[in-house]
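Chemist: Sequence first, then the predicted structure, then my questions.
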Amino acid sequence: MKHNLKKLPKSEMELEVFVAAEEMETFWKAARRKVSEGIQVKGFRPGKAPSDVLAGAGVEEDVHNETANSVINKTYPEILEKEGIEPIGRVNAEIIKLAPGNEFVYKLKFFVLPEVNLPDYKKIASDVLKNKKKQEIKKEEINKAIDWLRKSRAELVEVQRKAQKGDMVEIDIESLAGDKKLEKATGEEKFILGEGNFLPGFEEAIEGLDINSEKEFEIVAPDDYWDESLRGKKLFFKVTMKKVNERKLPEINDEWVKKIGKFKDVKEFEKSIEEGILAEKEIKERDKMRVQMMDKLLIETKIDLPEILVENETHYRMHELEHMAKDAGLSLEDYLTRAKKDKESVEKELRKEAEKTVNGMLILKEISKRENCHPSDKEMEAAMAGFLARFGSSKDAEKEIDRDALWGYTEERLTNEKVFQLLESL
């Protein structure tokens, strides 16, 4: 048996294999025997009919197919192992020459993981980390977080007075754009007055409105309003104030902080808030540094991307977009129409994103190989257990997830984290 190996663009390879007629004889005999066992030929026991009789029985094509499949399945894995090649994705086969008593020739085309010629990734990481900022916490940030907690645990007390900023109000709205009713802005609403959750000018217009009072007013939607169809248009509103609830904020003292967590006093509570804000800011700065590292690595690393990996990632992203549209109650076509885009341009955008993602994945994979950054079995089991704990029971988990896929995802996630931790430790 002989073979030729040829490199094609985009990390694709072509393998041409030549199997001598003498080697083929064994495969032909085995194929005829297997095919004849599945048919009944008069005068012969199953598996014993000779070639000329099988040809007359109209099963010679089956014999050819069985021979080709058995030869390909036996020979090409041996060749790939010898050459140290591992295909990714599907392997496409083409039969060039197949006839009894002749040499068998076939070709395979497949993609392989490309060679990744990394730049000095340690220097890149070191240069990026020189700009990492030390995070500090201001007293105002702590106070803001505490105020948010107090507001979230405020006691609502219904009052019989005019609505003021900070009140939780309940209203009925009728909305029109010209003579067209705005369904999404019509009905009951409940919100904190003064937090700016409505069209600019709307909340100011109803401030001071008394219980069961009505008010009619007009507002011109700003040019940057989220709903493009209403930008610059005059909108008519009729609002009825149904209920006003005053929010009574809890006093900050030792008794209150003990109720919301395991804190012995206000000082310990404030310390916990400070540590939480600091951790959040440090993670944000860390992620910013990681993005900058990857951006520089992507610029300086040249990879001949396998088309199949880019295609798969692009299809995945398109599938996610379709799901997002469906969750919004829209078809993909309607979703794209509202976004003023067409499918072709979106696919180009998604492909560009896919190329970046695949490049990044291959870069991190190569660094992990060079630096031997891999999670231990113990780390893998702990991460898997943490994910599976989200499900009510092991039976529920088995129904919902593909364990092999979860293992692969978890391994990649932990490996990437170890790579970044290595680069950050330089």
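Modeler: Looks like it arrived, so ask away. Residues are numbered from 1 along each chain as shown.
Chemist: Which pLDDT value belongs to the closest residue to I219 other than its chain neighbours?
Modeler: Distances taken as CB to CB, 6 or more residues apart in numbering place G201 nearest to I219, at 4.7 Å, with adjacent residues excluded. Any C-beta I mention is one placed from the backbone N, CA and C, and that applies to glycine too. If you check G201, the pLDDT there is 93.
Chemist: And K42, by the same measure?
Modeler: 54.
Chemist: now P222
Modeler: 92.
Chemist: how close does it get to K215?
Modeler: Counting by CB to CB, to the nearest Å, the separation of P222 from K215 is 21 Å.
Chemist: Over to Q292?
Modeler: In this view, Q292 and K215 are 52 Å apart by CB to CB.
Chemist: one step back: what's around the residue nearest to I219, how many residues?
Modeler: Number of residues near G201 (other CB atoms under 10 Å) recorded here: 15.
Chemist: now the helices: where do they sit in this protein?
Modeler: 21-37, 51-56, 60-83, 121-129, 139-152, 202-206, 254-260, 266-300, 307-327, 332-338, 343-371, 377-388, 394-400, 403-424 (DSSP state H).
Chemist: Counting residues, name the longest strand you see in this structure.
Modeler: If you go by DSSP state E, the chain has its longest strand at strand 234-248.
Chemist: tell me which residues of that strand are tucked away?
Modeler: Within strand 234-248, the residues scored as buried using 16 or more other CB atoms under 10 Å are L235, F237, V239, T240, M241, K243, V244, N245, E246.
Chemist: Equivalent analysis for stretch 218-238, please.
Modeler: Applying 16+ other CB under 10 Å to stretch 218-238 flags I219, A221, Y225, L230, L235, F237 as buried.
Chemist: Can you tell me which of the buried residues of strand 234-248 is nearest R390?
Modeler: N245 (35.7 Å; CB to CB).
Chemist: quick one: least confident helix or strand in this protein?
Modeler: helix 51-56 (a mean of 54; mean pLDDT, DSSP states H and E).
Chemist: The spatially closest residue to V346 that is not a sequence neighbour: neighbour count?
Modeler: Nearest non-adjacent residue to V346, counting by CB to CB, 6+ apart: L336, 6.4 Å away. Residues lying near L336 (other CB under 10 Å) number 17.
Chemist: I'd assumed E344 was in contact with L336.
Modeler: No: between L336 and E344 there is no contact under CB atoms under 8 Å: 10.1 Å.
Chemist: low pLDDT regions in the chain?
Modeler: Counting by pLDDT under 70, the ranges of the chain that qualify are 38-58, 392-398.
Chemist: Got the domain ranges for it?
Modeler: With domains defined by automatic domain parsing, the chain comprises 2-112, 155-248, 372-426.
Chemist: out of these, which comes closest to E355?
Modeler: Across the domains of the chain, closest to E355 is domain 2-112 (CB to CB), at 11.3 Å.
Chemist: distance between that closest one and the chain's centre?
Modeler: Distance of domain 2-112 from the chain centroid (CA atoms, centre = their mean, to the nearest Å) equals 40 Å.
Chemist: Next: stretch 322-339.
Modeler: On the basis of CA atoms, centre = their mean, stretch 322-339 sits 18 Å off its chain's mean C-alpha point.
Chemist: which parts of that stretch are buried?
Modeler: A325, L332, Y335, L336.
Chemist: Check stretch 129-147 too.
Modeler: Within stretch 129-147, the residues that count as buried by 16+ other CB under 10 Å are L129, I142, A145, I146.
Chemist: Same list, those residues, but as CSV with distance to E188 please.
Modeler: Listed next are those as CSV, based on distance: CB to CB, whole Å:
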residue, distance to E188
L129, 53
I142, 37
A145, 31
I146, 32
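Chemist: of these, closest to A383?
Modeler: Looking across the buried residues of stretch 129-147 and measuring by CB to CB, the closest to A383 is L129, at 26.2 Å.
Chemist: List the contacts of Y106.
Modeler: By CB atoms under 8 Å, 6 or more residues apart in numbering, Y106 lies in contact with E16, V17, A68, V71, I72, A93, E94, I95, I96, L98.
Chemist: Repeat the analysis, applying 7 Å as the threshold.
Modeler: Contacts were defined as CB atoms under 7 Å, 6 or more residues apart in numbering; by that measure Y106 touches V17, I72, A93, E94, I95, I96.
Chemist: Max pairwise distance over these: which two?
Modeler: Spanning the widest gap among these are I72 and I96, at 11.8 Å by CB to CB.
Chemist: In terms of neighbours, single out the busier of these two.
Modeler: Neighbours were counted for I72 and for I96 using other CB under 10 Å; I72 has more, 18 against 12.
Chemist: Can you tell me how far that one is from V63?
Modeler: Taking CB to CB, one finds I72 at 15 Å from V63.
Chemist: what do you get for H374?
Modeler: Relative to V63, H374 is positioned 48 Å away (criterion: CB to CB).
Chemist: Could you check which of those two has the larger neighbour count?
Modeler: V63 (20 against 14).
Chemist: Touching stretch 294-303 from outside, list them.
Modeler: 114, 116-119, 121, 124, 128, 356, 359-360, 362-363.
Chemist: Just send those residues back as a markdown table, with neighbour count and distance to A389 too.
Modeler: Listed next are those as a markdown table, based on neighbours: other CB atoms under 10 Å; distance: CB to CB, whole Å:
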| residue | neighbour count | distance to A389 |
| --- | --- | --- |
| P114 | 20 | 38 |
| V116 | 18 | 36 |
| N117 | 11 | 42 |
| L118 | 17 | 37 |
| P119 | 14 | 40 |
| Y121 | 23 | 35 |
| I124 | 22 | 37 |
| V128 | 21 | 35 |
| K356 | 14 | 33 |
| N359 | 21 | 34 |
| G360 | 16 | 29 |
| L362 | 21 | 32 |
| I363 | 22 | 32 |
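Chemist: Bridging across strands, which residues link to K6?
Modeler: Partner residues in beta bridges with K6, using DSSP bridges, are E14.
Chemist: So it is in contact with E14, correct?
Modeler: Yes: with contact defined as CB atoms under 7 Å, K6 and E14 form a contacting pair (4.4 Å).
Chemist: who's more crowded, these two?
Modeler: E14 (15 against 11).
Chemist: what about the more buried one, distance to F111?
Modeler: Counting by CB to CB, the gap from E14 to F111 is 11 Å.
Chemist: now swap in E347 and tell me
Modeler: 20 Å.
Chemist: higher neighbour count, those two?
Modeler: Per other CB under 10 Å, whichever of E347 and F111 has more neighbours is F111, with 21 against 16.
Chemist: Need phi/psi at the residue lying closest to that one once chain neighbours are set aside.
Modeler: Closest residue to F111 apart from its sequence neighbours, by CB to CB, 6+ apart: P306 at 4.0 Å. The phi and psi values for P306, taken as degrees, to the nearest 10, are phi -70, psi 130.
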